[in-house]
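# The following comprises the amino acid sequence and a computationally predicted model.
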Amino acid sequence: MSSTHTPTARTRTRVPTTVITGFLGAGKTTLIRHLMENAAGRRIALVINEFGDVGVDGDLLRGCGDAVCREDDIVELANGCICCTVADDFLPTLTALLDRAEPPDHIVIETSGLALPKPLVKAFSWPDIRSRATVDGVVALVDGHAVAEGRFADDPDAVAAQRQADEMLDHDSPLAELLEEQVGCADLVVVNKTDLLADGGRDRVTAEIAAHQRAGVQVVFAEHGRLAPEILLGLGMGAEDDLDSRPSHHDALDGEHDHDDFASFVMSLPPVRSLDTLTAGISQAIAAHDLLRVKGFVAVADKPMRAVVQSVGPRIQTYFDRPWRPDEPKETALVIIGHQGLDEAAIRRTVAPAA
């Protein structure tokens, strides 16, 4: 079946919705923040789903300016992966947005980095939603630097060697499967962090994506999530009517799956004396425990500003985003995400040995 899909007149009468998917740390929040700051008068509602218990992404987006990131236009779903809680969380949330006296002009959904996009797209076929909203397009954001380094790619030769040594081992990579699922459902693939790519990096990433993307899907490149809204919005794909061209490993399970390959916990600390010391501890924990993602807010003892910490793989970014408000506790809260079996106690000792 051809993957091209011609939008119908019915598609254009419903509230268009863009699903932005991508692995942990690919830059989805940065992309959406840039989109909101350049919305050109569109009223965009955001539905944000995070893996972990601290609302980092939502809080960062609320800080991008009252005019475009209004409190009531940002909804966070923190009860689990959005693709696993469609009926319980997502559909009531979407219905509430559509029931407003002034519905949004466009809805943007930021999935967690562990989400499968197809179950979410399929939800737009539900009778209560189908006549009122449509999936304008699925955008898969890819961390170009990570993919160029082969972080999410299987190594068939290495797998064969390990299986020969121990036939009981199962070396299928959940990270590679997630990349395949997200790219394979996309109407547009955005390769982010191109400023970090070495010579030949674009070719390596393009080759990896080509193995999973559907025919006719375009790939665009971005730095720091900076893309014009016209590239991301108005695709008019009506993706819920085009599910057959978006195969998934989980089709036979009717969308049911779990995330037992991954684990997360929240690390809370009093104000730290040194941001550099904390990031050094985070770096050691990433290397020792193969952490996928660390993100959160840091209170530094002698600073009135809140610090943001974001990491993916070995790369750690920190910056001060705003002053602490009088009504919020001045404390550090970090979401730690990794593979199942995390040694939480050891990670805590490494990140903050004096705590």
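Happy to help now that I have it.
# Give me the secondary structure label for the residue nearest to residue 239 when sequence neighbours are not counted.
Leaving out its chain neighbours, the residue that sits closest to residue 239 by C-beta to C-beta, 6 or more residues apart in numbering is residue 135, at 3.9 Å. Heads up, the C-betas are built off the backbone N, CA and C, glycines and all. The three-state assignment at residue 135 reads strand, by DSSP: H, G, I helix; E, B strand; the rest coil.
# Please name the bridge partners of residue 135.
residue 17 (DSSP bridges).
# what do you get for the one 4 residues further on?
Beta bridges link residue 139 to residue 20, residue 188 when assigned by DSSP bridges.
# Report pLDDT for it.
Looking at residue 139, its pLDDT is 96.
# So it versus residue 23, what's the distance?
Applying C-beta to C-beta, to the nearest Å, the value for residue 139 to residue 23 is 13 Å.
# Secondary structure class of the closest residue to residue 184 other than its chain neighbours, three-state.
Distances taken as C-beta to C-beta, 6+ apart place residue 212 nearest to residue 184, at 5.0 Å, with adjacent residues excluded. Look at residue 212: counting by three-state DSSP, its state is coil.
# what residue ranges in this structure score low on pLDDT?
1-12, 50-72, 77-88, 152-174, 250-262, 312-313, 354-355 (pLDDT under 70).
# need the longest helix for it.
helix 275-289 (DSSP state H).
# Show me what counts as buried in it.
275, 278, 279, 281, 282, 283, 285, 286, 289 (16 or more other C-beta atoms under 10 Å).
# if we take those residues, which one ends up nearest to residue 220?
Set against residue 220, the nearest of the buried residues of helix 275-289 by C-beta to C-beta is residue 286 (29.4 Å).
# And residue 282, how close does it get to residue 344?
15 Å.
# related to what we said a few turns ago, which other residues reach the longest helix of the chain?
272, 291, 294, 298, 300, 307, 309, 311, 313-314, 316, 318, 332, 334, 336, 338, 342-343, 346-347, 350-353 (C-beta atoms under 8 Å, 6 or more residues apart in numbering).
# For residue 324, list the residues it contacts.
With contact set as C-beta under 8 Å, 6+ apart, residue 324 has these partners: 299, 304, 305, 306, 330.
# so who does the fourth one touch?
The neighbourhood of residue 306, defined by C-beta under 8 Å, 6+ apart, consists of 297, 298, 299, 320, 321, 322, 323, 324.
# in the sheet, who's paired with the second one?
By that I understand residue 298. In this entry, residue 298 is beta-bridged to residue 307, by DSSP bridges.
# ok, now how distant is it from residue 24?
In terms of C-beta to C-beta, residue 298 sits 19 Å off from residue 24.
# same deal with the first one?
With distances defined as C-beta to C-beta, the gap from residue 297 to residue 24 amounts to 18 Å.
# What of the third one?
Distance, residue 299 to residue 24, using C-beta to C-beta: 24 Å.
# cool, and the fifth one?
With distances defined as C-beta to C-beta, the gap from residue 321 to residue 24 amounts to 20 Å.
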